[in-house]
Every structure is written in structure tokens, then in C-alpha cells.
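A.B. asks: Okay, predicted coordinates and the sequence, questions at the end:
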Amino acid sequence: MGLLSIIRKIKRKEKEMRILMVGLDNSGKTTIVLKINGEDTSVISPTLGFNIKTITYQKYTLNIWDVGGQRTIRSYWRNYFEQTDGLVWVVDSSDLRRLDDCRMELHNLLKEERLSGASLLVLANKQDIKGALTPEEIAKVLNLENMDKTRHWKIIGCSAYTGEGLLEGFDWLVQDIASRIYVLD
Amino acid sequence: MEEEQEEPQSITTTAAALSADPALQKKHQAMLDRLSNRHQPRQKSASSASTAAFLTQFSDSRHSIESQLAEASSSKLAADPSLMKSHMADFSSSISSLEQLVAENSHLLPPYELRSALKSISDLKQSLENLNPKKKFSFKSKSQNQTQKSSTAAQCQALNTAPAAPEQPAPRFSVQDSPGFRNKESQILAKSFKGSEIGEFTLSDLESCEVRLIGPVNALFINRLRNCRVYAGPVLGSVLIEQVDSCIFVLASHQIRIHRARESDFYLRVRSRPIIEDCGGVRFAPYCLSYDGIEDDLKAAGLEAETGNWANVDDFQWLRAVPSPNWSVLEETKRISSVEI
């Protein structure tokens, strides 16, 4: 417990949060990060490797790790698990064919012990596309209700294209992490 | 054990000698040194004694847990979820107390014993998990045997009041199809998106077809095509291609991802770098499509300018400095001439 309390103290001082963005390829992870940060989203190449963004959000500093989702590089996700406070799982709500893949990868991820304490935000992205599933439908397909009861999670529909829903999602995530890590002074 | 018996003797001799003759003090000192040297091995023998004690204790409780587990899995317990649950809690607490025992003794255990103890604990945990499939996510349980499956379902129903059947929620949605062309052979398939609300479009399971898509679309999914030609207007979002063989694609899009393509040619205009994964024999060339009003559509999609990215292909399975053998630029003489649809 000694180490944990030291880590907590250090984090409290710096008010830092480490957030890991993962999901299948083509789900819009990089676009979401850039959109939140107010950057140009018109030219984004599929992520080969990862990007890190440090964003000041409310009174916190968010270190967002945006990791590429192509099948070949999914096995490297585990290199980023350490000390993750928040997990953002991004879903392409219009890609009906790969929802099974999506669910499998998510549940594999949630088995990971190093992520067991992380708050989970599921972003049902691409709500702007006609024919996209609603967040409620995505929650059902991903079997979120049957997740480990101790997990803090929330699903929110969003569009990285219009920006809708992104702030709502990150507000929840940051508040949830803050209430766990930064016990009220 | 011999050493331990010997020691008291030598101590008494020393004490006697010391009281008898002070001149023997030097000898006494040497003896003390010898004794302190003995201290090391003595500790070792003490620890080997407690290692043996530990091993006995460990194997006793391990066997008791194992036999309980075996009993639980064979008996009718499995049929009664609530009873099963309380037993599970017992098992997991006795396994964790076993783990605790190992942790407490870990500093004096020889590495091999420690490793084998940890191994048997993880084996126990594994067999507990096998017995209690609820811990795994239900969609995995398909591969497990029938009795376990039914107990999983029973547990889920008991624990979860949500009406959603956790076993297979997916099929309900895969039935609900998005717009697209599917399961066609040797046909010309044309679709205009002009004036319609922008959405997604899917091409799937086509053989020897020609596909003509006019007007902008938001997202294009292409899956399992053989010997097809696909001509498409601008895609505002991304194109996702998977499993195509001997095809020709003429596409304009913000993002293009190509998976498992064989012997296919791609004529692209793309704002970002196209990527390939698990591909072989794919060739790239610039976009070459025209239809009535394509200039306006391209402009509206931000794709009016040639970016040159059609040749900047990233191969996710070839992360080296030398060019990937999986793709190449299509020689100009081998390219198709501009296509009008």
C-alpha cells in the first residue's frame, strides 16, 4: 500500500491523468483526440504506432495515449496499460459487420489486470452517419451490462466529425477518475 | 541435524576451558570465530526445516482444495447456482489464504519450491475458473461444454435482471442490413447518392461485378469481392476494404484502409496515407474517374486536388526502411485509361 499512496500523492500534486484510447481501426480515435484539442481533423492518416497529447482539461492535465487499432498492432496495446486511469473504447457505430470483433477485443482488454481499476468510457462514434447504431444498441451488442460490477463505465454517442458528445464523455471520465484518485482535500 | 547436536558440546567445552585457564583466551577467541562461521550453515538448516514444514502445510491444503474442487465439479452442486456461488467464495478464499502462505514464506523458499508453489496456485485458480465459467464473458462460453453453458445461463439470469440475452445478442443486428449491394454475380450494379441523405454503403460478397457509385457518400465498406471493378465518387469519411481478390478499385476518400487484398489494383485519390495490412500483389495508381458533376462532388468533399498520397502507402506488416514487397506503383503503361460512368 505504501507505493500506492505515494503514487496517489504525487498524482494529487500534479493533477495528472493518464488516458488510453483504444478501439478497432477506423473507429476514429485520432480524430476524437484532435477534435477535443481543437486541431484540424481534415487530414488524418491511419495511426502507425501511437500519438500522445497532453491536454489541460478543467483543472487537470490529461495525458492521452492514442494507440493505433490495426489488427497487426493491437498486440502492442498491452505496452500502454501501465498506470492507466481512464480507458476510452471507441466504436465505429456504422461498422455493423465488425461489431463482433469489437466486442471480443473490448472484453479481452477488460480482462487485463493492469486495467482493472480504470474507468471505462465507451464512445459510440460516427453518430452523424445515417444508419449508425444508437449508443443503447451498441451497449447491447457489446454486452456492457454484463461487465464486472466493480467497473465504472459509461457509454455516450458522439461524432468526432461534428464534435457532438465528446465533451460530455470526457467530462464524465475526468470526474469519475478525479473522484477515485483525488480524494477530496 | 548433526551440526546442531554438536554445537552445545563445543560451547560447554569452551566455557569450561575459559574458567580453567585464562591463557586459553586466544583459543577461545578462535573458537568463537569458528562458532560464528557455523552460524551461517545453522541458519540454513533451520530454514530447510521450515521449508519442509511449509511444503507439508502447502501440499496438505492444496490437496484439500483440489479434492473439494473435484467434488464440487462432479456433484450436483453445479446445478444449483446459489449454492455454487457460496462454494466458489469458499474456494477462492482458501486459495488466497494459500497464496498468502506462499507470500509469507517466499523469502526462505528455494527458487524452485517457490516457482512450483506459485504454479500450483495458478493451476488451482485455473480449475476454479473452469468450474465457474461466469467469471469469463459469456460469449466465450460457446466453446465450453453443455453443462457449463447451461449453468452460465442460469447464473446470468439469477444475477442480472436485464432482459437482454447475453449469449448471442449480435445476430439480431447482423440481420439488420445497412444499404448496399450483397451476394451478386456477374452484374452491373449502379447507385446514385445524389440528393439522398448521406450515409454509409456496403459492398459485400460480389463476384465478377461492375459497381458504379455516383455522388458523395459518408462511409464505404467493401468486403469479400472477387474479380470485380468498383468505380466510386468521393467518400467523405473512410473506405474500409477487406478480403478482395483480382479486383480494380477507383476510389476517392479521406481515409483508405485495405486488408487482405490479393492481386488487385487501386486507383486512388486520398487526403491521408492509404494503408495495407495482410496484402500481396496490390498495385497503386492515381484516381481516374469521371461522371457528370464529379468536379463539384470532389470539391464538396475536399478532394478536388491531387495529393499524391496514392503512392504513399503504409504497409502495417512491413515496418522497415526498405520498400514493402507487398505493394508497388502500377506502371503507367499498364494503367487503365480514364473511366467514364
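C.D. replies: Arrived safely. Numbers count the residues shown, from 1 in each chain, chains lettered A, B, ... in the order given.
A.B. asks: What backbone torsions are found at the closest residue to chain B within chain A?
C.D. replies: Here the residue of chain A nearest chain B is A:Lys130; by Cβ to the nearest Cβ that distance is 3.2 Å. For glycine as for every other residue, the C-beta is placed from the backbone atoms N, C-alpha and C. With angles defined as degrees, to the nearest 10, A:Lys130 sits at phi -60, psi 130.
A.B. asks: Number of residues surrounding it?
C.D. replies: By other Cβ atoms under 10 Å in any protein chain shown, the residues close to A:Lys130 number 15.
A.B. asks: So in terms of bridging, what pairs with it?
C.D. replies: B:Gly199 (DSSP bridges).
A.B. asks: I figured it hits B:Gly199, correct?
C.D. replies: Yes: in this structure, A:Lys130 is within contact of B:Gly199 by Cβ atoms under 8 Å, at 3.2 Å.
A.B. asks: hmm, back to that, contacts only, for the residue of chain A closest to chain B.
C.D. replies: A:Lys130 makes contacts with B:197-200, B:218, as judged by Cβ atoms under 8 Å, 6 or more residues apart in numbering or on different chains.
A.B. asks: Any buried residues in stretch B:242-249, and which?
C.D. replies: B:242-245, B:247-249 (16 or more other Cβ atoms under 10 Å in any protein chain shown).
A.B. asks: Among those, list the two that are farthest apart in space.
C.D. replies: Maximum pairwise distance in the buried residues of stretch B:242-249, criterion Cβ to Cβ, is 16.8 Å, between B:Glu242 and B:Ile248.
A.B. asks: So which of the buried residues of stretch B:242-249 are in strands?
C.D. replies: Judged by DSSP state E, these include B:242-245, B:248-249 as members of strands.
A.B. asks: of those, closest to chain A?
C.D. replies: Taking those together and measuring to chain A by Cβ to the nearest Cβ, the closest member is B:Glu242, at 8.5 Å.
A.B. asks: Does B:Pro274 touch B:Ile258 like I think?
C.D. replies: Yes: counting by Cβ under 8 Å, B:Pro274 touches B:Ile258, with 6.7 Å between them.
A.B. asks: Just the mean pLDDT for the longest helix anywhere in chain A, thanks.
C.D. replies: Longest helix of chain A, by residue count under DSSP state H: helix A:166-181. Regarding helix A:166-181, the rounded mean pLDDT is 93.
A.B. asks: and chain A, which residues reach chain B?
C.D. replies: Contact residues, chain A versus chain B (Cβ under 8 Å from any Cβ of the partner chain): A:25-26, A:42-46, A:48, A:70-73, A:94-97, A:99-100, A:103-104, A:107, A:126, A:128-133, A:137, A:140-141, A:143, A:145-146, A:161.
A.B. asks: buried subset of these?
C.D. replies: Using 16+ other Cβ under 10 Å, the buried ones in the residues of chain A next to chain B are A:25-26, A:44-46, A:70-73, A:94-96, A:99-100, A:103, A:107, A:126, A:128-129, A:131-133, A:137, A:140-141, A:143, A:146, A:161.
A.B. asks: when you check chain A, which of the buried residues of stretch B:242-249 turn up near it?
C.D. replies: Okay, of these, nothing touches chain A (Cβ under 8 Å from any Cβ).
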